[in-house]
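# I would like to see how this sequence folds:
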Amino acid sequence: MNRPSKVQDPSSSFTSSQSEDGKKSSRVDRIRLLIADDHTTVLAGLVSIINMQSDMMVVAEASNGRQAVELWQKHCPDVTLLDLRMPKLDGVGAIEEIHKQDASARVIVLTTYDTDNEIYRAVKAGAKGYLLKDAQREDLLDCIRKVNSGATCIPQDLGEKLAAVMSGETLTGRELAALTLLASGKSNKEIGANLYISETTVKGHLRNIFTKLNVSSRTEAITVASRRGLVQL
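Reported below is the predicted structural model:
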């Protein structure tokens, strides 16, 4: 499914100095994009859509997160558009590595995942935009332009999920481990055995988890944790 990285020749997709509406457009003025996605069809579609815009052009394509970082270093694009889950290095890891080199790098996540935790991790890593792959084409193009201008672009519904996570308390590593075992159907005794702690300590962890997730039962805790991407069922 992976496709090799490919550097676009801007002249192949833009042969005239005149845009369709008769206004002049030059490569210098266009937003230079790097796109990373391990799905060949998705990548090709994004490249086609973007290269049809008079104010944008794709300068490089990557099929995994590691390539995305390497191509970012080579081309220093204005905006990077990347998937969240890719081989070799995921989207969050790629964002973190890019931001180590340039804290002002403009990155947009385009993904199918909309859990609270996924959005939070991406934004915390430095993403300036977050869109789902079923977004309208004009919404995607508008997001690219906004992020290029220095703005943040996160749809209202995703922004509300992000706000919910950021306003809540973060689970500790041990609490998250207990929650994961709870979601897999383990009893308090089994959770204690797996974590080498007493049942009393397990109950304490669960109380803290319930408080932080604002729930009152094991079932509700699992449901909320799944929705936020803290556990996978």
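# which ones are touching residue 34?
When the contact criterion is C-beta atoms under 8 Å, 6 or more residues apart in numbering, the partners of residue 34 are 58-62, 68, 71-72, 75, 77, 79-82. Heads up, the C-betas are built off the backbone N, CA and C, glycines and all.
# Save those as TSV, and put in neighbour count and pLDDT too.
Compiled in TSV, those are given as follows (neighbours: other C-beta atoms under 10 Å; pLDDT from 0 to 100):
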residue	neighbour count	pLDDT
58	24	97
59	21	97
60	22	96
61	23	97
62	29	96
68	32	96
71	22	97
72	23	97
75	16	96
77	23	97
79	23	97
80	30	97
81	26	96
82	28	94
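# So residue 186, which state does it fall into?
Assigned with DSSP: H, G, I helix; E, B strand; the rest coil, residue 186 falls in the coil class.
# Any chance of a markdown table for the contacts of residue 34, columns secondary structure and distance to residue 175?
Output for the contacts of residue 34, formatted as a markdown table (DSSP: H, G, I helix; E, B strand; the rest coil; distance: C-beta to C-beta, whole Å):
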| residue | secondary structure | distance to residue 175 |
| --- | --- | --- |
| 58 | strand | 43 |
| 59 | strand | 44 |
| 60 | strand | 41 |
| 61 | strand | 41 |
| 62 | strand | 36 |
| 68 | helix | 33 |
| 71 | helix | 38 |
| 72 | helix | 35 |
| 75 | helix | 42 |
| 77 | coil | 39 |
| 79 | strand | 37 |
| 80 | strand | 34 |
| 81 | strand | 35 |
| 82 | strand | 30 |
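# export these to a markdown table and tack on distance to residue 201?
What follows is the contacts of residue 34, written out as a markdown table (distance: C-beta to C-beta, whole Å):
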| residue | distance to residue 201 |
| --- | --- |
| 58 | 53 |
| 59 | 54 |
| 60 | 51 |
| 61 | 50 |
| 62 | 45 |
| 68 | 42 |
| 71 | 48 |
| 72 | 45 |
| 75 | 52 |
| 77 | 49 |
| 79 | 48 |
| 80 | 44 |
| 81 | 45 |
| 82 | 41 |
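# ok, so of these, who is nearest residue 117?
Minimum distance to residue 117 across these is 17.9 Å, recorded for residue 82 (C-beta to C-beta).
# Next up, the contacts around residue 91.
Contacts were defined as C-beta under 8 Å, 6+ apart; by that measure residue 91 touches 36, 65, 82-85, 109, 111, 122.
# cutoff 10 Å now
Residues near residue 91 by C-beta atoms under 10 Å, 6 or more residues apart in numbering: 36-37, 65, 68, 80, 82-85, 107, 109-111, 113, 118, 121-122, 125, 127.
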